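Colleague: need a 3D model of the sequence below.
(one chain, ligands or ions: 1)
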Amino acid sequence: MAMSGVVRSSVRLRPTWSTWTSVTGNIPRNFNQNRAIPEGICGIRAIASHSSNNMIFRQLFDRESCTYTYLLADEASKDAVLIDPVIELAKRDAQLVEELGLKLKYVMNTHVHADHITGSGLLKKLVPGSQSLISVASKAMADVKVNPGEKVTFGCHELEVRSTPGHTNGCITYVCHEQRTAFTGDALLIRGCGRTDFQEGSSEKLYDSVHSEILSLPDDYILYPAHDYKGQTATTVREEKQYNPRLTKTKDEFVDIMANLGLAYPKKIDVSLPANLVCGLYNLPDDLAAELE
Ligand SMILES: N[C@@H](CCC(=O)N[C@@H](CSS)C(=O)NCC(=O)O)C(=O)O
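Modeller: Next up is the predicted model:
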């Protein structure tokens, strides 16, 4: 289904620094106009909350599942998107959207999560007019389903959809070229990556897709994952190419590492998968449903 905020064609005018500054005459402080930012001079630009190039950005955290949710909004039009919301924190997210005076357009997921129920379904109820969005390849139900190469737009901003399968078949990464950032879901984690032992996981596919679709981005792009279990918030392409203990290995070594992770299954996998196949609207456990009332 073609929606107004999803650009199906790859031919589209994209705001650039020169077009933006010629309109506003305003360069945000600490934002580098040069395309590449040398490490050690400017350092990492990653921050949990900022407003830059007319974009509002918040990194939100769920302590229980260690999930990051991202709020991105266009300062001028107030159009906003939420990436990977968590059901238990949907009210927090809806309240923030309201307090900032935003118009929530999409509640989007990078994939069908196995460890928590997405907040998409509840947010659709809490913020009327918002629509759920996920990849076609996820085989999940949603208002809007996107394919690789398509663009999700909000205000003057856009996110390019890239296919990054391996953790699940339908995993996608959202790339915001104008901010030089990417939201990698569980495909790439900081100094790690998503597990590949269920949900059509494939270590070979993950290795190939992360290298071709994420680590091929320019070195200074900031990568925001869907989880971190050690308290880190963001990384860069450059760092992961240098320090990722799994993805810097050969493909054979990577496959071997992934086959021997020895991780326990996520505690909520049995409730999360069926619920997330309908973007969080199905079979909520009774106690959770009561709690959310
Ligand atoms: N203990 C947690 C689940 C932890 C886990 O398996 N995380 C996943 C992403 S959520 S499906 C993963 O891919 N981890 C990779 C890794 O190296 O940690 C729970 O019970 O929910």
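Colleague: from here on, contacts and neighbour counts on C-alpha atoms
Modeller: Fine.
Colleague: enumerate every residue touching the most centrally placed residue in the chain.
Modeller: Nearest to the geometric centre of the chain sits Phe183, at 3.5 Å (CA atoms, centre = their mean). By CA atoms under 8 Å, 6 or more residues apart in numbering, the residues touching Phe183 are 173-175, 223-226.
Colleague: which one of those is nearest to His116?
Modeller: Distance to His116 across the contacts of Phe183 (CA to CA) is lowest for Ala226, with 11.5 Å.
Colleague: show me what contacts the residue nearest to the closest one when sequence neighbours are not counted?
Modeller: Counting by CA to CA, 6 or more residues apart in numbering, Gly185 is the residue found nearest to Ala226 once chain neighbours are left out, at 4.4 Å. By CA under 8 Å, 6+ apart, Gly185 lies in contact with 84, 110-111, 171-173, 224-227.
Colleague: what does Met258 give?
Modeller: 195-196, 203 are the contacts of Met258 under CA under 8 Å, 6+ apart.
Colleague: show me which of these are buried.
Modeller: Neighbour counting by 16 or more other CA atoms under 10 Å classes 195-196, 203 among the contacts of Met258 as buried.
Colleague: same list (the residues you listed) but as CSV, adding pLDDT and distance to Phe61.
Modeller: What follows is these, written out as CSV (pLDDT from 0 to 100; distance: CA to CA, whole Å):
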residue, pLDDT, distance to Phe61
Arg195, 98, 20
Thr196, 98, 24
Ser203, 98, 27
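Colleague: filter those down to the ones in helices?
Modeller: Taking DSSP state H as the definition of helices, the buried ones among the contacts of Met258 contribute Ser203.
Colleague: need the buried ones among the contacts of Met258 in CSV (columns: distance to the ligand).
Modeller: Below are the buried ones among the contacts of Met258 laid out as CSV (distance: CA to the nearest ligand atom, whole Å):
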residue, distance to the ligand
Arg195, 4
Thr196, 7
Ser203, 11
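Colleague: quick check, nearest of the buried ones among the contacts of Met258 to Leu89?
Modeller: Using CA to CA, Arg195 comes nearest to Leu89 of the buried ones among the contacts of Met258, at 24.3 Å.
Colleague: the stretch 1-150 of the chain: helices as residue ranges?
Modeller: 17-24, 90-99, 120-126 (DSSP state H, counting those that start in this stretch).
Colleague: which bits of the stretch 51-200 of the chain sit near the ligand?
Modeller: Applying CA under 6 Å from any ligand atom, one finds that the stretch 51-200 of the chain approaches the ligand through 65, 113-115, 192-195.
Colleague: in strands, which of those appear?
Modeller: With DSSP state E as the criterion, strands contain 192-193 from among these.
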